[in-house]
Each structure stands twice: as C-alpha cells, then as structure tokens.
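> following is a predicted model, sequence given first.
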Amino acid sequence: MATRGIAVPSTPDLELTRAIAGSAEELGYASVWTNDAPPGDGIASVLAMLEATETIRVGVGAVPFDRRRAEDVAAQLTGSGQALDRLVIVVGAGFGGT
C-alpha cells in the first residue's frame, strides 16, 4: 500500500503550520514535512506540527549544521516537553564550511 506525505516551506506563522499539519492528518497523509530555512524555523515548525496532530509522522529536512549547532537543536526539541516518537530529522552540513 502506498503512503503519501506532504511538504510545506517553513514559515514564521506557526498557526498556519499547525493548520496544515492537522489538515494533512485529517486527509489521511502518512507524513508532513518542512524545511529549515529562513524566514522560518524548521524545528519550531515541526514542534507546532506535532502539537497539532496525533498519529501522522512529522519531519524536517534538512537542518544545516553550518548555521545550527546540534546541541541547540537537541535542546530546542527536548525543552518542548513533547513526545518526539513521530519526529524525523534530516541533517546536513550546509554550505558554510563549519
């Protein structure tokens, strides 16, 4: 059986992000994804998506570690107090060379 996901750009409008994720879950999508690029915060976006859903897998790809430290991403995620068992994070080196 094929499963489908939907991807949306990261945005500072977390209410919109929550609405999209909730709608994707209601429509039967298996996953909802965002990126981590300005002007949005991909980690804040996936946390909002997790908050708005109950069963759908939530993902962010890719988090570039040339502009975000792994420790900071981990702290943002664990500090949320949310269950992260449905979360998928794709990481990348980015283009900054650090």
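Yep, it's here. Numbering: from 1, shown residues only.
> what comes up buried for stretch 11-28?
Within stretch 11-28, the residues scored as buried using 16 or more other Cβ atoms under 10 Å are 11, 14, 17-18, 20-22, 24-25. In this view, the C-beta of every residue, glycine as well, is placed from N, C-alpha and C.
> which of those residues fall within helices?
Cross-referencing the buried residues of stretch 11-28 with the helices (criterion: DSSP state H) gives 14, 17-18, 20-22, 24-25 as the overlap.
> just curious, which of those is nearest to Ser31?
Sorting those by how near they are to Ser31, with Cβ to Cβ, puts Ala24 at the top with 8.1 Å.
> the lengthiest strand in the chain packs against which elements?
The strand of greatest length in the chain, counted in residues with DSSP state E as the criterion, is given as strand 57-64. Packed against strand 57-64, as judged by 3 or more Cβ pairs under 8 Å, 6 or more residues apart in numbering; DSSP states H and E, are the following elements: strand 31-34, helix 42-52, strand 87-92.
> dump these to TSV, plus mean neighbour count, mean pLDDT and distance to Val58.
Listed next are the helices and strands packed on strand 57-64 as TSV, based on neighbours: other Cβ atoms under 10 Å; pLDDT from 0 to 100; distance: least, Cβ to Cβ, whole Å:
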stretch	mean neighbour count	mean pLDDT	distance to Val58
strand 31-34	24	98	6
helix 42-52	24	98	4
strand 87-92	15	95	6
